[in-house]
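Participant: When you get a sec, could you give me coordinates for this:
(2 chains)
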2 protein chains.
Amino acid sequence: MKTDTESHLRMTQRRREGHEKKQASATLEKGLLIVNTGNGKGKSTAAFGMAVRMLGHDERVGIVQFIKGALHTSERDFLGANAKCDFVTMGDGYTWNTQNREADMATARKGWEQAVAMIRSGDYRMVILDELNTVLKYEYLPLDEVLGVLTARAPMQHIVVTGRHAPDALIEAADLVTEMRLVKHPYREQGVKAQRGVEF
Amino acid sequence: MKTDTESHLRMTQRRREGHEKKQASATLEKGLLIVNTGNGKGKSTAAFGMAVRMLGHDERVGIVQFIKGALHTSERDFLGANAKCDFVTMGDGYTWNTQNREADMATARKGWEQAVAMIRSGDYRMVILDELNTVLKYEYLPLDEVLGVLTARAPMQHIVVTGRHAPDALIEAADLVTEMRLVKHPYREQGVKAQRGVEF
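Facilitator: Below you'll find the model as predicted:
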């Protein structure tokens, strides 16, 4: 037990030293291009969680939701009700519901125009572009045009892009990228339906 | 352009059919054991996002935070202020700050007792055990004891466990597992420090 405690002490000391060294060398503040991608859960939820934190710090947040789904309704209600959060929802549901590529492209363009206005206004500390990856994957918007606007943003502005299939060039340009990877899903494996609170 | 539209139409039709078929076969409702693990961001944030949704549906949520860090302060303030959310914070900071295994084990035990009381009370539709994976990884609590309580929960109760290094046996027992995988991090790669709203 003694040895166990001593080895634990050594380990936690090493960890603390490493942590302090890392903290001392990390001094830069900058606006981040953040990407949440992958086939797992939590991409939008984690982005909306950052919005909640920003609002908690009394910073203004803009959100454009490119593909409106049945999910995330509560977050939308909660965030949309906040005076410091502008929440715009585009899209007519999941892409596979519209059956019309031209209409989808027009909707994506409309959403993008609002996103560009938010990004260029300088009014928002964070702009969340929910499901923009999906829009890019379907080539509803030209990737170059989108990357041009994102990389020309104000130096302290954070941008968060969510959705499956983030394009390589966006990952390349990003500062912080997380892949939410599905390991196990009850919908797929057990026939469990989408449930209140868990899925929407 | 015509062909493009037609092929898009065929694709979206196939997707919609697949989606509808999947929805029709997924009819089961049950309490889920949910695990968010991996070395990336968003594990706790996505869990707290589910708490926000549960509260939006007027369901009671219990949260035990096993390792209190500098992060997630805003979520804690927001969720803790809600009358339908009981938020308990244990722990004296990151494990590598305490330098005392016995004290950490006693703290973990105290947190676990509160978690067990929440789970067994039947009062909570969802119980979030934040950073319990880390507690299990350090063997501050016996895995068998924890799994016994989690699997004996009420049939409609959701449990969410977060933290790196989820034990294999927990993943095995879980219904829904997501790995948040770090792809790129500015703290590590660019010396960017933890920033308000993004990290805390």
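Participant: Output the lowest mean pLDDT helix or strand found in chain A.
Facilitator: Lowest on mean pLDDT, DSSP states H and E among the helices and strands of chain A sits helix A:95-98, with a mean of 53.
Participant: I'd like to know which elements whichever helix or strand comes after that helix is packed against.
Facilitator: The element immediately downstream of helix A:95-98 (helix or strand, assigned by DSSP states H and E) is helix A:101-121. Packing partners of helix A:101-121 (3 or more C-beta pairs under 8 Å, 6 or more residues apart in numbering or on different chains; DSSP states H and E): strand A:61-65, strand A:85-89, strand A:126-130, helix A:132-137, helix A:143-151, helix B:2-25. All C-beta spots, glycine's among them, are computed from the backbone N, C-alpha and C.
Participant: and the first one, C-alpha only, in PDB?
Facilitator: If I follow you right, that is strand A:61-65. Extracted in PDB, the C-alpha atoms of strand A:61-65 (Å, rounded to 0.1, in the frame of the first residue of the first chain):
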ATOM      1  CA  VAL A  61     -22.800  34.400 -30.400                       C
ATOM      2  CA  GLY A  62     -24.200  33.900 -33.900                       C
ATOM      3  CA  ILE A  63     -25.600  30.600 -35.100                       C
ATOM      4  CA  VAL A  64     -26.600  29.500 -38.600                       C
ATOM      5  CA  GLN A  65     -28.200  26.100 -38.700                       C
END
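Participant: which secondary structure elements does that strand contact?
Facilitator: Using 3+ C-beta pairs under 8 Å, 6+ apart: strand A:61-65 touches helix A:43-56, helix A:73-80, strand A:85-89, helix A:101-121, strand A:126-130.
Participant: rerun at 6 Å
Facilitator: strand A:85-89, helix A:101-121, strand A:126-130 (3 or more C-beta pairs under 6 Å, 6 or more residues apart in numbering or on different chains; DSSP states H and E).
Participant: ok, and for that strand, which residues are buried?
Facilitator: For strand A:61-65, the neighbour count (16 or more other C-beta atoms under 10 Å in any protein chain shown) marks A:61-65 as buried.
Participant: cool, the second one as well?
Facilitator: With burial defined by 16+ other C-beta under 10 Å, the residues of strand A:85-89 counted as buried are A:85-89.
Participant: chain center to it, what's the gap?
Facilitator: Centroid separation for strand A:85-89 versus its chain: 14 Å, with C-alpha atoms, centre = their mean, to the nearest Å.
Participant: That one versus helix A:73-80: what angle between them?
Facilitator: Note on geometry: by axes from the mean of the first three to the mean of the last three C-alpha atoms, to 10 degrees, strand A:85-89 and helix A:73-80 are set 140 degrees apart in direction.
Participant: Next, find the distance separating A:Phe48 from A:Asp123.
Facilitator: For A:Phe48, the distance to A:Asp123 (C-beta to C-beta, to the nearest Å) stands at 19 Å.
Participant: neighbour-wise, which of those two wins?
Facilitator: A:Phe48 (31 against 13; other C-beta atoms under 10 Å in any protein chain shown).
Participant: Tally up the residues packed near the nearest residue to the more buried one once chain neighbours are set aside, please.
Facilitator: Nearest residue to A:Phe48, sequence neighbours excluded (C-beta to C-beta, 6 or more residues apart in numbering or on different chains): A:Glu75, at 4.4 Å. Neighbour count for A:Glu75, taken as other C-beta under 10 Å: 25.
Participant: Surely A:Glu75 and A:Ala47 touch.
Facilitator: No - applying C-beta atoms under 6 Å as the test, A:Glu75 and A:Ala47 come out as separate, 9.4 Å apart.
Participant: residue ranges with poor pLDDT in chain A?
Facilitator: Along chain A, segments meeting pLDDT under 70 span A:1-9, A:11-26, A:69-72, A:91-99, A:187-188.
Participant: residue contacts, A:Ile171?
Facilitator: A:Val177 (C-beta atoms under 6 Å, 6 or more residues apart in numbering or on different chains).
Participant: Next one: A:Gly42 from A:Arg101, what distance?
Facilitator: In terms of C-beta to C-beta, A:Gly42 sits 29 Å off from A:Arg101.
Participant: typed the wrong thing, it's A:Ile159
Facilitator: In terms of C-beta to C-beta, A:Ile159 sits 26 Å off from A:Arg101.
Participant: Counting neighbours, go ahead and name the busier of those two.
Facilitator: Counted by other C-beta under 10 Å, A:Ile159 and A:Arg101 do not tie: A:Ile159 has more neighbours, with 25 against 21.
Participant: hey, C-alpha coordinates of the helix or strand encompassing the more buried one in CSV?
Facilitator: Element membership for A:Ile159, per DSSP H and E: strand A:158-162. This file holds the C-alpha atoms of strand A:158-162, laid out as CSV (Å, rounded to 0.1, in the frame of the first residue of the first chain):
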residue,chain,number,x,y,z
HIS,A,158,-14.0,31.9,-33.1
ILE,A,159,-15.8,29.9,-35.8
VAL,A,160,-17.3,26.4,-35.2
VAL,A,161,-18.2,24.2,-38.1
THR,A,162,-20.1,20.9,-37.5
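Participant: so what does that strand touch, helix or strand wise?
Facilitator: strand A:33-37, helix A:43-56, strand A:126-130.
Participant: if we go to 10 Å?
Facilitator: Packed against strand A:158-162, as judged by 3 or more C-beta pairs under 10 Å, 6 or more residues apart in numbering or on different chains; DSSP states H and E, are the following elements: strand A:33-37, helix A:43-56, strand A:61-65, helix A:101-121, strand A:126-130, helix A:132-137, helix A:143-151, strand A:176-184.
Participant: how far off strand A:158-162 does the fifth one point, in degrees?
Facilitator: Relative orientation of strand A:126-130 with respect to strand A:158-162: 10 degrees, computed using the same axes, to 10 degrees.
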